[in-house]
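Student: 3D, please:
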Amino acid sequence: MTGFGKYWQGSCAASAVAWTALGLSLLCSATGCETVFGQAAVTDISSSDAAQASDGGGNLNDQSSAAEESGLPDETSSPQVEVAVRHPEELLDDIREALSETRNKKRPKGRMIRETWQTTQEQYIAAGVLACAELVEHEAATDDHLREAWKSKAVLLYRAAEYGWPEFDDRLSRTVDQLKQTSFVEEAEYADGLLLVHRCFERNMPVHEVVEKLTEHAREFPGGDTCAKLFVAYAKKLDDRGLKNSARLCCQAAIWTLHDHPEIDSIRHQLSVLDAKADIARNWAAVSASVQLKPDDAIQQELDLQVAQIRRVLPIRVDSATTLTDVSAGSHSINYRYTVTISAQQMEFQKESIRQKVTQLARSVHATRMILAKGVTLNYSYNSPEGNQLLFFSVTD
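Tutor: Below is the predicted model:
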């Protein structure tokens, strides 16, 4: 039996009240944004600032105590349930299990299966949050224990808020405020970033308001690890939504705000990618005009010319796993060569989806649609870093 199972077997009376008090409702969505910072690897948390802080840095007067987080009744409302005080390492086992079991879970199909899955998710999150609250108040907890407990609590509350469960948005906000009163600066920055992602990135908030909040976050945590990542993530999101100018303005605001930040190069790289995409779009517009006006030989000459211009801005990073490394012109064809960092097995599962999405995009964009209409073939090759071809397909009119 896992540590989680032992815990629930040993404290079933307390947990029965906990589920009612938490007020968890039906799951709305399982979309998460933790990829902005990477998955919560709480066992690797380290902070030189927190290490120099006093031993009592995390034991503030948290209004959300262990009893409040769990929903346990007070002494006057019901008979006491005697629960043995557990060792910090036992609490950490429950916290880590809760994080593992709620990481990147997608809602399954089928009502019965979905309801069972949701109940399990609620239990793991509730158990993890309860263990975090107990650990924060534990007399034997070290600074490392407290850092892990605070960060884990923020992650679990963020996941519950992303599911759409009531009150967890406010609970995450309160946890961020409490963390800012401790000496754990890195954990406070991470939690504040999660709250910002939850409240801004997935909602139709005006771009200038989101950029303003990103700027406030960067000024509150100067030199922090999340500042540049948040700006880059939001710029990419705007770019994916087709808001190219807004994405560029976001990067420019980041460069102005983070001019001496250690990760400023990541912002400049994102801005260069946006500029390169804009150049390519203009080039393709010119190609489409040439295709409409010139005979076959002239079309081939224009393809050669435009491909040569595109090659000057290579490589272009398409996403975290895909990079456009080469473009060449064939006989009435254009050949795209991508390098991907996913395995052959992963590509096997995704190849049909990639083929459909790329084909649909090529046939829907005006510039490429005009080129295809003139008999030009678009060839796509996806290769491993070692040069092995994982996927190849062509798109024609």
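
Student: poorly predicted segments of the stretch 201-350 of the chain, please.
Tutor: Along the stretch 201-350 of the chain, segments meeting pLDDT under 70 span 202, 281-296.

Student: all helices for it, in order.
Tutor: Counting by DSSP state H, counting those that start in this stretch, the stretch 201-350 of the chain has helices at residues 207-220, 225-240, 244-257, 264-293, 296-311, 344-364.

Student: hey, which of those is tucked in deepest?
Tutor: helix 225-240 (a mean of 21; mean count of other C-beta atoms under 10 Å). (Glycine included, C-beta is placed from N, CA and C.)

Student: tell me the angle that helix makes with helix 207-220.
Tutor: 170 degrees (axes from the mean of the first three to the mean of the last three C-alpha atoms, to 10 degrees).

Student: export only the CA atoms of helix 225-240, formatted as PDB.
Tutor: Output in PDB follows, covering the C-alpha atoms of helix 225-240 (Å, rounded to 0.1, in the frame of the first residue of the first chain):
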ATOM      1  CA  ASP A 225      13.600  32.800 -13.100                       C
ATOM      2  CA  THR A 226      10.000  33.200 -14.200                       C
ATOM      3  CA  CYS A 227      10.000  36.800 -15.500                       C
ATOM      4  CA  ALA A 228      11.500  36.200 -18.900                       C
ATOM      5  CA  LYS A 229       9.700  32.900 -19.300                       C
ATOM      6  CA  LEU A 230       6.300  34.500 -18.700                       C
ATOM      7  CA  PHE A 231       7.000  37.200 -21.400                       C
ATOM      8  CA  VAL A 232       8.100  34.600 -23.900                       C
ATOM      9  CA  ALA A 233       5.200  32.300 -23.200                       C
ATOM     10  CA  TYR A 234       2.700  35.200 -23.600                       C
ATOM     11  CA  ALA A 235       4.300  36.400 -26.800                       C
ATOM     12  CA  LYS A 236       4.100  32.900 -28.300                       C
ATOM     13  CA  LYS A 237       0.400  32.700 -27.300                       C
ATOM     14  CA  LEU A 238      -0.300  36.000 -29.000                       C
ATOM     15  CA  ASP A 239       1.600  34.800 -32.100                       C
ATOM     16  CA  ASP A 240      -0.500  31.500 -32.100                       C
END
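
Student: name the nearest residue to residue 347, sequence neighbours excluded.
Tutor: residue 390 (4.3 Å; C-beta to C-beta, 6 or more residues apart in numbering).

Student: the helix or strand harbouring that neighbour - what's its average pLDDT?
Tutor: Residue 390 is part of strand 389-395 when elements are defined by DSSP states H and E. Strand 389-395 shows a mean pLDDT of 89.

Student: mind giving me the packing neighbours of it?
Tutor: helix 344-364, strand 377-383 (3 or more C-beta pairs under 8 Å, 6 or more residues apart in numbering; DSSP states H and E).

Student: among those, which comes closest to residue 227?
Tutor: helix 344-364 (31.1 Å; C-beta to C-beta).

Student: report all helices and strands that the closest one contacts.
Tutor: helix 366-373, strand 377-383, strand 389-395.

Student: residue 327: which of those is closest?
Tutor: Closest of the helices and strands packed on helix 344-364 to residue 327 is strand 377-383, at 10.4 Å (criterion: C-beta to C-beta).

Student: ok, now how distant is residue 159 from residue 331?
Tutor: 53 Å (C-beta to C-beta, to the nearest Å).

Student: quick one, which of these two is more surrounded?
Tutor: residue 159 (28 against 8; other C-beta atoms under 10 Å).

Student: for the stretch 51-200 of the chain, which spans come out with low pLDDT?
Tutor: For the stretch 51-200 of the chain, the stretches flagged by pLDDT under 70 are 51-83, 104-105.

Student: helices along that one, start to end?
Tutor: Under DSSP H, counting those that start in this stretch, the stretch 51-200 of the chain gives helices at 66-70, 88-101, 111-136, 143-163, 168-179, 185-196.

Student: of all those helices, which one comes closest to residue 250?
Tutor: Across these, closest to residue 250 is helix 185-196 (C-beta to C-beta), at 13.7 Å.

Student: so which elements touch the closest one?
Tutor: By 3+ C-beta pairs under 8 Å, 6+ apart, helix 185-196 packs against helix 48-51, helix 143-163, helix 168-179, helix 207-220, helix 225-240.

Student: need these in JSON lines with distance to residue 88, can you?
Tutor: Shown next, in JSON lines, are the helices and strands packed on helix 185-196 (distance: least, C-beta to C-beta, whole Å):
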{"stretch": "helix 48-51", "distance to residue 88": "16"}
{"stretch": "helix 143-163", "distance to residue 88": "5"}
{"stretch": "helix 168-179", "distance to residue 88": "19"}
{"stretch": "helix 207-220", "distance to residue 88": "30"}
{"stretch": "helix 225-240", "distance to residue 88": "26"}
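
Student: of those helices, which is nearest residue 113?
Tutor: Here helix 143-163 is closest among the helices and strands packed on helix 185-196 (C-beta to C-beta), at 16.4 Å.

Student: what is the neighbour count of residue 374?
Tutor: Residue 374 is flanked by 18 other residues according to other C-beta under 10 Å.
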